[in-house]
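S.K.: one predicted model, sequence on top.
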Protein chains: 2
Amino acid sequence: MGDLVCRSCRTTYPFDDPRWKCDCGSLLDIRFRAAFDRDRIRERRPTMWRYRDALPIYDEQHIVSFNEGFTPLVEARIHGKPVWLKQEHLFPTGSYKDRGASVLVSRAAELGVSRMVEDSSGNAGAAIAAYAARASIPCDIYVPESTSPAKLVQIRMYGAHLHQVPGSREDTAHAALQAAGQHFYASHVWNPFFFQGTKTFAFEVWEQLGFVVPDTVLIPTGNGTLLIGAYLGFMDLKLAGLIARLPRLIAVQSENCAPLHRMWSEELEDLPSIQTSDTVAEGIAIAEPMRANQIVDIVRETEGTVVTVSDQEIETALVDACRQGWYVEPTSASALAAIKQYPQSAGETIVVPLTGHGLKSTEKLLKLAEH
Amino acid sequence: MGDLVCRSCRTTYPFDDPRWKCDCGSLLDIRFRAAFDRDRIRERRPTMWRYRDALPIYDEQHIVSFNEGFTPLVEARIHGKPVWLKQEHLFPTGSYKDRGASVLVSRAAELGVSRMVEDSSGNAGAAIAAYAARASIPCDIYVPESTSPAKLVQIRMYGAHLHQVPGSREDTAHAALQAAGQHFYASHVWNPFFFQGTKTFAFEVWEQLGFVVPDTVLIPTGNGTLLIGAYLGFMDLKLAGLIARLPRLIAVQSENCAPLHRMWSEELEDLPSIQTSDTVAEGIAIAEPMRANQIVDIVRETEGTVVTVSDQEIETALVDACRQGWYVEPTSASALAAIKQYPQSAGETIVVPLTGHGLKSTEKLLKLAEH
């Protein structure tokens, strides 16, 4: 079907190897040729699995799915500008992370994995826990102590073993890595199969716009799970000769935690060590994104950029969005906030994913509602 | 397009009359001939509005929508029995009430309404508030004081004027009725256009099963918003000659608040006054359903029944469902609990709607998670 390739030393491994990193310690990519058949796509159910021939799972029997995806794309006006909102918060667990979880847990099922480990600021953990439950594979989910109550309860109710780790998001990742020694590491950062799921975002946008790609996509970015996935998906379409160019991908960070922005604007070769402070956009509060170089390369290749928004701007954008009926979590509103400063050209088609459901952030939204 | 007919005295009113009840004080029905064209349906986007010709809104411009619906229908095993779960919790506001809100608020937009009033135990209020926000129509939402925090925050964030009413669900309805004197009453109980939205549930099930109806549908029932809608939808299909028989509709109530069950099992002509106690299934805790007679008539006509489940059974079913990856609110689990006692025949196709998202009930689920 393909093979696994180290991003650093270029060593290749057979496709059936269950590994999630190279022996040299670096990240792996998947080399795999996606196929598309528009007629077959249109005949299939409106789920992310309608792009079945572009997803690296051998056997239909191993697909772990709730018939998710093909989330609605709707025109709206944000800060007075016309944009397309992709309602990724309408996935079963309430975030786009289900795209990655569906493919990654299908991969785990295909490998016959008996137990999985994952760490996240909350949404990816809930997604892996849900799909592990659907596949009857036990899992351990590591989250920072500060994770929203709604996400914690959700992970526990799926039957996952929940581990709340004191300290930073990086301490959580470290604890999971320790545990991953014995089990399958279902990481939305390390495991390349997760990105094979998030790439379906690109396919859906393309189909929903009439088999045309937008000019620009603004994406809340911490670990880059959606930005990298979107890039891979648009690249699959380009390599298949279905589109001529890639959309501009714009990474949006919280100014309270913006390592990628610093790396980009100061043209640094390596991830800088940065000062961070709390941000309302908990889903992108990643001080040390493992795939920082990959993200910056993608932004450069697509002629995009990295921008930051303040918590105040995020909160204002969130309230404005809710007042129009878009009930999303603060992390999602970071990209909506970035629309304000974005110099949209005449006729420029912009897509923004609504990444997570507002119902996940009741405590934070309560504070805003009380203003 | 049709007309409005009193359920009691049979007086008719013109279709464009903005009224929500008859001069005699009774409930109104809509007399309207739904049309279906399978080819056109299949060509349209996968939303509830693909059944456009079956929905009583004149002008496309008045449709208030987030491109919602066509929620995934997935096979699962509940209590060891094969059933189809319809994931109604994946609507924008987190419940199937969006079906009704989309059509009812479209109706309000078509009438040029300047302000709306609604009362609910929470989910219908959130739905009306969201669609009112999308349509930029101000609204007042009345809820009981006991409504879940997640639902209260949601309604407020949509920009609705939230009124928390002490006392029973009936006290809340009374307060809203008072206010409705001056404004459009966007009631999911009174206003017949709401049911013109919830009826799309039936169309989708029919299409998703391959243009075939199931044998049986088990539905959590309080005010009967979904049960009545499902009946109207299946009737539309029958009158159009597309199906030969109606599915058996089974109303599921909480035994702590079961007026319909009492009416059904004791063959009463009128709604009895009953003792109620708190139930974890807050969405169906309706002591005096306005449309009780209509619900019981539907159950009889479809050869269904009314059953009850205990809070203990609901909680057990809820935990079991979550452990399989279905994260729903306790109200939804009432129908899953009823599967246990239901004598499924060999080959009998059963559909159960998952009516509301688990993310709406974090507090209640936290208690279960801690067990």
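M.R.: Yep, it's here.
S.K.: going forward, measure contacts and count neighbours with C-alpha atoms only.
M.R.: Fine.
S.K.: get me the contact residues on the stretch 1-150 of chain A for chain B.
M.R.: Applying Cα under 8 Å from any Cα of the partner chain, one finds that the stretch 1-150 of chain A approaches chain B through A:46, A:66-68, A:72-74, A:90-93, A:129-136, A:149-150.
S.K.: A:Arg156 contacts A:Leu162, correct?
M.R.: Yes - A:Arg156 is within contact range of A:Leu162, at 6.3 Å (criterion: Cα atoms under 8 Å).
S.K.: between these two, which is the more surrounded one?
M.R.: Of the pair A:Arg156 and A:Leu162, A:Arg156 is the one with more neighbours under other Cα atoms under 10 Å in any protein chain shown, namely 23 against 20.
S.K.: tell me the SS of the more buried one?
M.R.: Classification of A:Arg156 by DSSP: H, G, I helix; E, B strand; the rest coil places it in helix.
S.K.: again with A:Cys22
M.R.: Here A:Cys22 is coil, with the state taken from three-state DSSP.
S.K.: could you measure from it over to chain B?
M.R.: Distance from A:Cys22 to chain B, counting by Cα to the nearest Cα, to the nearest Å: 32 Å.
S.K.: and for that residue, the neighbour number?
M.R.: The number of residues packed near A:Cys22 is 20, by other Cα under 10 Å.
S.K.: chain neighbours aside, what residue packs nearest to it?
M.R.: In space, and not counting its chain neighbours, A:Cys22 is closest to A:Cys6: 5.8 Å by Cα to Cα, 6 or more residues apart in numbering or on different chains.
S.K.: residues contacting the one you found?
M.R.: By Cα atoms under 8 Å, 6 or more residues apart in numbering or on different chains, the residues touching A:Cys6 are A:12, A:21-22, A:26-29.
S.K.: low-confidence ranges in the stretch 1-150 of chain A?
M.R.: Regions of the stretch 1-150 of chain A meeting the criterion pLDDT under 70 are absent.
S.K.: pLDDT at A:Ala180, what is it?
M.R.: A:Ala180 carries a pLDDT value of 85.
S.K.: let me fix that: A:His371
M.R.: With respect to pLDDT, A:His371 has a value of 67.
S.K.: and for A:Arg169?
M.R.: pLDDT recorded at A:Arg169 is 81.
S.K.: could you count how many residues lie near it?
M.R.: A:Arg169 has 22 neighbours, counted by other Cα under 10 Å.
S.K.: now do the same contact list for the residue lying closest to it once chain neighbours are set aside.
M.R.: Residue nearest to A:Arg169 in three dimensions, not counting chain neighbours: A:Pro144, with 5.8 Å by Cα to Cα, 6+ apart. Contacts were defined as Cα under 8 Å, 6+ apart; by that measure A:Pro144 touches A:120-121, A:164-169, A:171-172.
S.K.: give me the buried subset of these.
M.R.: Taking 16 or more other Cα atoms under 10 Å in any protein chain shown as the criterion, what is buried in the contacts of A:Pro144 is A:120-121, A:164-165, A:168-169, A:172.
S.K.: A:Pro138: what's it in contact with?
M.R.: Per Cα under 8 Å, 6+ apart, neighbours of A:Pro138: A:114-116, A:132, A:160.
S.K.: how close does it sit to B:Gly181?
M.R.: For A:Pro138, the distance to B:Gly181 equals 56 Å [Cα to Cα, to the nearest Å].
S.K.: what of A:His188?
M.R.: Distance of A:His188 to B:Gly181, computed by Cα to Cα: 54 Å.
S.K.: and the two? Which one has more around it.
M.R.: Using other Cα under 10 Å, the more surrounded residue of A:His188 and B:Gly181 is A:His188, with 25 against 10.
S.K.: who's in contact with that one?
M.R.: A:His188 makes contact with A:100-101, A:118, A:124, A:194-195, A:225, according to Cα under 8 Å, 6+ apart.
S.K.: same check, this time on A:Arg169
M.R.: Per Cα under 8 Å, 6+ apart, neighbours of A:Arg169: A:120-121, A:143-144, A:286.
S.K.: just the ones of the residues you listed in strands?
M.R.: Mapping the contacts of A:Arg169 onto strands (DSSP state E) picks out A:143-144.
S.K.: mind putting the contacts of A:Arg169 into TSV with distance to B:Phe211?
M.R.: Below are the contacts of A:Arg169 laid out as TSV (distance: Cα to Cα, whole Å):
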residue	distance to B:Phe211
A:Ser120	42
A:Ser121	42
A:Val143	44
A:Pro144	47
A:Ile286	48
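S.K.: so what's the residue count around A:Ala101?
M.R.: Per other Cα under 10 Å, the neighbour tally for A:Ala101 reads 31.
S.K.: looks to me like A:Gln164 is in a helix.
M.R.: No - judged by three-state DSSP, A:Gln164 forms no part of a helix; its state is strand.
S.K.: report the buried members of the contacts of A:His188.
M.R.: Going by neighbour count (16+ other Cα under 10 Å), these have A:100-101, A:118, A:124, A:194-195, A:225 buried.
S.K.: that older thread, wait, which of the contacts of A:His188 is closest to chain B?
M.R.: Proximity of these to chain B was ranked by Cα to the nearest Cα; the top entry is A:Ala101 with 12.2 Å.
S.K.: please, which helix or strand holds the residue nearest to that closest one when sequence neighbours are not counted?
M.R.: Nearest residue to A:Ala101 in three dimensions, chain neighbours excluded: A:Ile128, at 5.3 Å (Cα to Cα, 6+ apart). Using DSSP states H and E, A:Ile128 maps to helix A:123-135.
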